[in-house]
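Asks: Need coordinates for the following:
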Amino acid sequence: MTSRELARLLDHTSKDFDRWTAADQMAIDQMLLQDAGVRRRPTLRFYVWSKPTLSLGYFQQAAWADAYLQSQMATADVALVRRSTGGGAILHDRELTYSLTWPNGVGGHSQTTGARDDLYRAIHDAVIRGLMEFEVRVFAYRDTSLKAVTRSKSAEATEDAFLCFQRRSPDDLICNGYKVLGSAQRRGRGALLQHGSLLLSTSTFAPALPGIAELTSRSIAMNDLVDVLTAQIGDALGLEFEPAALSPEDQAIADEIVRDRFGNEQWWRRR
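Replies: Numbers count the residues shown, from 1 in each chain. The predicted model follows:
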């Protein structure tokens, strides 16, 4: 049996998950990216959000978020944050969010475009296999036979739509014509961050976007989903995950990043 590289697993989906704000969640991912470049250790993290949150892509205009929330009558009920990754806005609510921080060169992967694409695809393919264990069938949008179906069922989908789940890229995962998983990447010094959202159910703040529960009539227990996806991602990347917790040092670095960036109004309004 081939030996696997050890990696950290952070499960922030249950215990104390509600103590972190939206800014905290983004800062933890950024801290893990920095850690991966220095300590050369991959980390897989799963988390949920303490309240419904609209995250803007790095290049999106803050005014677009204001307009969207006003249209949904949700200005007082939804938290706001700007991601360090690009892409469309995401209404984080009834979903599972993951992040993977990957040191440059681990497992033969560099940060060249091809290698980054391979990593992106490997994780999405692992999610496909994982969801099959719950009898949920999803496919990558790159399967050209699905494109006509997804366009007919999701007429609002465009490449520049405000919401990420109304956009389509080749490796997005599609369930019964609708996007249920999208991811984004950011390069750091010596490492790569990839994070994404798996839409489990419809949010009242994004009613046009059905999740797996609505599309398949299946409700998946969060702990079971985390266990299965951890195993599938480990198999795909040749990693052996060890459950871990944030150290006091980790939390202190994340808190500093919140103050300087994600919790800073100027960062939010930077565009």
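Asks: Could you identify the longest strand within the chain?
Replies: Across the chain, the strand with the greatest residue count (assigned by DSSP state E) is strand 178-188.
Asks: Can you name the element that comes right after it?
Replies: strand 191-199 (DSSP states H and E).
Asks: CA atoms only for the longest strand of the chain, dumped as CSV, please.
Replies: The C-alpha coordinates for strand 178-188 follow below in CSV (Å, rounded to 0.1, in the frame of the first residue of the first chain):
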residue,chain,number,x,y,z
TYR,A,178,-28.9,23.4,-11.5
LYS,A,179,-25.5,24.3,-10.2
VAL,A,180,-24.9,22.9,-6.7
LEU,A,181,-21.1,23.3,-6.3
GLY,A,182,-18.7,26.0,-7.4
SER,A,183,-15.1,26.7,-6.2
ALA,A,184,-12.5,29.4,-6.5
GLN,A,185,-8.7,29.6,-6.0
ARG,A,186,-6.2,32.1,-4.8
ARG,A,187,-2.4,31.8,-4.9
GLY,A,188,-0.3,32.7,-1.9
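Asks: lowest-confidence helix or strand of this protein?
Replies: helix 147-153 (a mean of 49; mean pLDDT, DSSP states H and E).
Asks: Pull the residues that contact the next helix or strand after that helix.
Replies: Sequence order places strand 173-175 as the next helix or strand after helix 147-153, per DSSP H and E. Contacting residues not belonging to strand 173-175 are listed as 124, 127-128, 136-141, 146, 150, 179-182, 212, 215-216 [C-beta atoms under 8 Å, 6 or more residues apart in numbering]. For every residue, glycine as well, the C-beta is placed using N, CA and C.
Asks: End to end on stretch 80-94, go ahead and measure it.
Replies: 16 Å (C-alpha to C-alpha, to the nearest Å).
Asks: in it, what counts as buried?
Replies: 80-85, 87-94 (16 or more other C-beta atoms under 10 Å).
Asks: what's the closest of the residues you listed to Ala23?
Replies: Nearest to Ala23 out of those is Val81 (C-beta to C-beta; 5.6 Å).
Asks: and Leu80, what element?
Replies: Here Leu80 is assigned to strand 79-82, by DSSP H and E.
Asks: chain center to the helix or strand that comes right after that strand: distance?
Replies: Using DSSP H and E, the helix or strand that follows strand 79-82 towards the C-terminus is strand 90-92. With C-alpha atoms, centre = their mean, to the nearest Å as the basis, strand 90-92 stands 10 Å off its chain's centre.
Asks: for strand 90-92, packing partners?
Replies: strand 53-56 (3 or more C-beta pairs under 8 Å, 6 or more residues apart in numbering; DSSP states H and E).
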